[in-house]
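[1] Below: sequence and its predicted model.
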Amino acid sequence: MADLTLMVNKLKERMLTVNGITVHDGFVPTELPEKDGKILPYVVLWAGLPDFGDEVTADGQQVTDSTIFDFQATAVASNPAACRATAHALSLALVNLKLGTGRVRPNPDSFRRDVPLLDKTVTPARLMLPTFWRLHTN
C-alpha cells in the first residue's frame, strides 16, 4: 500500500503551485487572509483513508499492493469568477499528477459540480466549488 502521509503531502505541494492560494488540510481556520474585506482564494483538501479495491487472491486474501485513494479538493473564493478560476487552475495542477505508481484523475464515481455554491453562513460570504479525484496505484 502507498504511504498515505506521503500522498497527502505531495497533493498539498502540488496544490500550492496554483498561484495566489493557500491550502488547508481537512478544516478551514476561523481567520483567513483578506483583501479589501474579501477573502483571498484558498483550497481545502478533504482526504480520508485509501481503499484496497475488490481484488482478492486465490486463497481469499485481500490484495494490499494496490490502492484506490479518493479525495476532494474544494476551491473557495470571494466571487464566482475567482472561484471558477481557482477550481480550473487546481484541476490543471492535479489532473494526471503522478504519485507512486498511479496518476490522479477525476473521480468517475462522484457527482460533478459545475456551478459555485454560495456560503452565507460565514463572514465574509464566499463561493466554493468542490472537485473530486481518484488516485489508483498498482
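    Arrived safely, thanks for sending.

[2] Name the helix or strand of this protein that has the lowest mean pLDDT.
    Every helix and strand of the chain was ranked by mean pLDDT, DSSP states H and E. The lowest is strand 34-35, at a mean of 86.

[3] Residues in contact with the helix or strand following that one: which ones?
    As assigned by DSSP states H and E, the chain's next helix or strand after strand 34-35 is strand 38-39. Defining contact as CB atoms under 8 Å, 6 or more residues apart in numbering, one finds that strand 38-39 is touched by 32-33, 76-79, 124, 126. Glycine gets a C-beta too; all of them are placed from N, C-alpha and C.

[4] pLDDT averaged over the helix or strand following strand 38-39 - what is it?
    Proceeding N to C from strand 38-39, the next assigned helix or strand is strand 42-47, under DSSP H and E. Per-region confidence: strand 42-47 scores 96 on mean pLDDT.

[5] so what's Glu55 scoring on pLDDT?
    pLDDT, Glu55: 64.

[6] Do a quick rundown of the helices in the chain.
    4-15, 80-94 (DSSP state H).

[7] Adding pLDDT, neighbour count and distance to Trp46, write the contacts of strand 38-39 out as TSV.
    Shown next, in TSV, are the contacts of strand 38-39 (pLDDT from 0 to 100; neighbours: other CB atoms under 10 Å; distance: CB to CB, whole Å):
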residue	pLDDT	neighbour count	distance to Trp46
Leu32	87	16	17
Pro33	84	10	20
Val76	96	27	12
Ala77	96	25	17
Ser78	94	19	21
Asn79	94	14	23
Pro124	84	11	22
Arg126	92	24	16
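
[8] Could you list the low-confidence segments of this structure?
    Applying pLDDT under 70 to the chain picks out residues 1-2, 52-58, 62-65.

[9] picking up where we left off before, show me which of the contacts of strand 38-39 is closest to Pro108.
    Val76 (24.4 Å; CB to CB).

[10] how much space between Cys83 and Arg113?
    11 Å (CB to CB, to the nearest Å).

[11] The residue nearest to Val18 when sequence neighbours are not counted and Val122, how far apart?
    Excluding its sequence neighbours, the residue lying closest to Val18 (CB to CB, 6 or more residues apart in numbering) is Ala89, at 4.6 Å. Relative to Val122, Ala89 is positioned 23 Å away (CB to CB).
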